[in-house]
Structure formats: structure tokens, C-alpha cells
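**Student:** Can you look at this prediction? I've put the sequence above it.
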Amino acid sequence: MLTEKRHEIILQMLKEKKSISVTEIKEMTGGSDSTIRRDLTALDRAGKLSKVFGGAVAIENPYTVIELSVAQKREVKPAEKRQIARYAASLIGKDDFVYLDAGTTTGYMIEYLSEKSTTFVTNAVDHAKRLAIEGFKVLLTGGELKGTTEAIVGSQAVLSLQKYHFTKGFFGTNGISRRYGYTTPDSSESIVKQIAMKHCHQKYILADASKFGEITAISFAGMEDAQIITEKKPPREYEDCCNIIIAGL
């Protein structure tokens, strides 16, 4: 069978099933393992599918550029976010020096914190206020306050973060993609996230399962650069990822 015909069959199978295995493709095309893997590599490089261990999945969801307000985000999956936040909070130990990123899921962590020897640095005004009320030592980055997400961004925020060395960092994300990593719609927030993550010894992304396969405008880290804490088993194409933690299991 001609290469072009195999590619056509593979893409049609993906359109119908969303994910396919090498074995399924072999049965449909009569190609060998090596031939099918070359086909998948070529189609992946062309951006027509995402090659994964043992097969391929349909290309991820279209890019999204909409950024919800903090109030709107609090209405989205609150139970799932609390499950993730509770587990994340349990990872903080005595005398940890923690970066807490802006975001609703990271914000829920504050409800479950108990180790008062922890020092926090955050770029979220509301996080800082709540931490201080709870009796934690908290440092707030300088910079420009962004109205939509209530995050502090800009050159001053970046400069203030460069002097720190965090034991742990907890980050939010708008999307998780094998190809594009962790993404956010805003370039100024992406820079702050990127710099803070580079200064963390242990890095955690807090994301409910709906974030898998979502892509927004700006990447701030590769998928392998942090551990992901989520609330349930991720989609099939992410099952072989060894950096995913399911909260509560």
C-alpha cells in the first residue's frame, strides 16, 4: 500500500475513534510495526496527529485565548480543585520555603495548610492576605497587578523572584499538552511562572483533568518539567506519563 493511502487511512481512523494503536493500524493497512511507526512520526511532525506510546491520538483541542476572571474560575470544578489542593498542601513540610502561584486551585491550598514554620512567596494579593491572616510568614512580589487574574506580573516581579531559591513551588495552568507543555493565555504571567519555576527545587502543577489536551497562547514549561497533581485518571494519551499524581490515591 502506498504511503499516502496509509496516511489517509490513519487520519480517517483517528477522526472516527480519536485514538488508535499501532496494532489497529496494522490490521487496517497490512503495514509492519516499523512502517506504521514511521508513518506516525511523519504525521506527528506534520501536525496532523499526536504520536503517543503504542499509537496515536487526534490532534489536541484548538487553541483557546479566553481568560476567565477569578470570580468565574471559582465557579468551575470547585470540588475537584479542593481535592487537588488538599493533597498539594499535605506535601508542605517543616521550614519549607514555598512559591505559591496565583490561581484558584493554589488558593484553595490555604484552607488545608497547617505547618506554621513555612514561609511563602506569592504573586497573588489575595493569597498573601489570607496567608498572613492565618499566621504564616508571607512575602509578596513587587510589580503590576493584573485585574483579570489578580496576579502580580511585570519586570519587578521577575527581578524579585530571581533572588529566591524555593524548596517547593505550586503552579496553576490553563492547559496541559504533551507537545506544548503548560500554557497560559498571558505572556506576562507566563514569564513570571517560568522564572519562579526555575527557582524551585520541587515543582508541582495543580490542574483538574479537564486541562489535559487544552492549549493556550504561551508555553511556560515543558510537560516533563514538573509533577502534575490532578483529581482523577487522565485521558488515555497521557496514561504513560510518569509525572502524574492522582490526589487521594
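**Tutor:** Arrived safely.

**Student:** show me where the protein has helices.
**Tutor:** In the chain, the segments counted as helices under DSSP state H are 3-17, 22-29, 33-45, 70-74, 78-90, 104-108, 125-133, 155-161, 187-198.

**Student:** Helix or strand with the lowest mean pLDDT in this structure?
**Tutor:** Scoring the helices and strands of the chain by mean pLDDT, DSSP states H and E places helix 70-74 at the bottom, with a mean of 73.

**Student:** can you list contacts of that helix?
**Tutor:** For helix 70-74, contacts defined as Cβ atoms under 8 Å, 6 or more residues apart in numbering pick out 103-104, 126, 148-150. For every residue, glycine as well, the C-beta is placed using N, CA and C.

**Student:** Now, of those, which are buried?
**Tutor:** By neighbour count, with 16 or more other Cβ atoms under 10 Å, the contacts of helix 70-74 hold 103-104, 149-150 as buried.

**Student:** pLDDT and distance to residue 222 added to the residues you listed, as CSV?
**Tutor:** Output for these, formatted as CSV (pLDDT from 0 to 100; distance: Cβ to Cβ, whole Å):
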residue, pLDDT, distance to residue 222
103, 93, 19
104, 94, 24
149, 83, 22
150, 86, 27
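
**Student:** What is the neighbour count of the residue nearest to residue 145 when sequence neighbours are not counted?
**Tutor:** Spatial nearest neighbour of residue 145, excluding adjacent residues (Cβ to Cβ, 6 or more residues apart in numbering): residue 152 at 5.6 Å. Other residues near residue 152 come to 24 when the count uses other Cβ atoms under 10 Å.

**Student:** which ones are touching residue 152?
**Tutor:** 102, 123-125, 140-146, 192.

**Student:** And those, which is closest to residue 173?
**Tutor:** Closest approach to residue 173 among the contacts of residue 152 (Cβ to Cβ): residue 102, at 11.5 Å.

**Student:** Backbone dihedrals for the closest one, please?
**Tutor:** Phi and psi for residue 102, reported as degrees, to the nearest 10, are phi -60, psi 150.

**Student:** Correct me if wrong: it contacts residue 145.
**Tutor:** No: Residue 102 is beyond contact range of residue 145, at 10.3 Å (criterion: Cβ atoms under 8 Å).

**Student:** Looking at those two, which has the bigger crowd around it?
**Tutor:** Higher neighbour count among residue 102 and residue 145: residue 102, with 25 against 14, using other Cβ under 10 Å.

**Student:** Distance check, the more buried one against residue 192.
**Tutor:** Distance from residue 102 to residue 192, counting by Cβ to Cβ, to the nearest Å: 8 Å.

**Student:** ok, residue 218 - how many residues close by?
**Tutor:** The local packing of residue 218 (other Cβ under 10 Å) involves 18 other residues.

**Student:** what's the nearest residue to it if we skip its chain neighbours?
**Tutor:** What sits nearest to residue 218 in space, not counting adjacent residues and going by Cβ to Cβ, 6+ apart, is residue 190, at 4.0 Å.

**Student:** residues contacting that neighbour?
**Tutor:** Contact analysis of residue 190 by Cβ under 8 Å, 6+ apart lists 183-184, 218-220.

**Student:** try residue 18
**Tutor:** 57-58.

**Student:** again, but for the one 4 residues further on
**Tutor:** Applying Cβ under 8 Å, 6+ apart to residue 22 gives the contacts 33, 36-37, 40, 54-55.

**Student:** Which of those ranks first by neighbour count?
**Tutor:** Greatest neighbour count in these, by other Cβ under 10 Å, goes to residue 36: 24 neighbours.

**Student:** With that, I have no additional questions.
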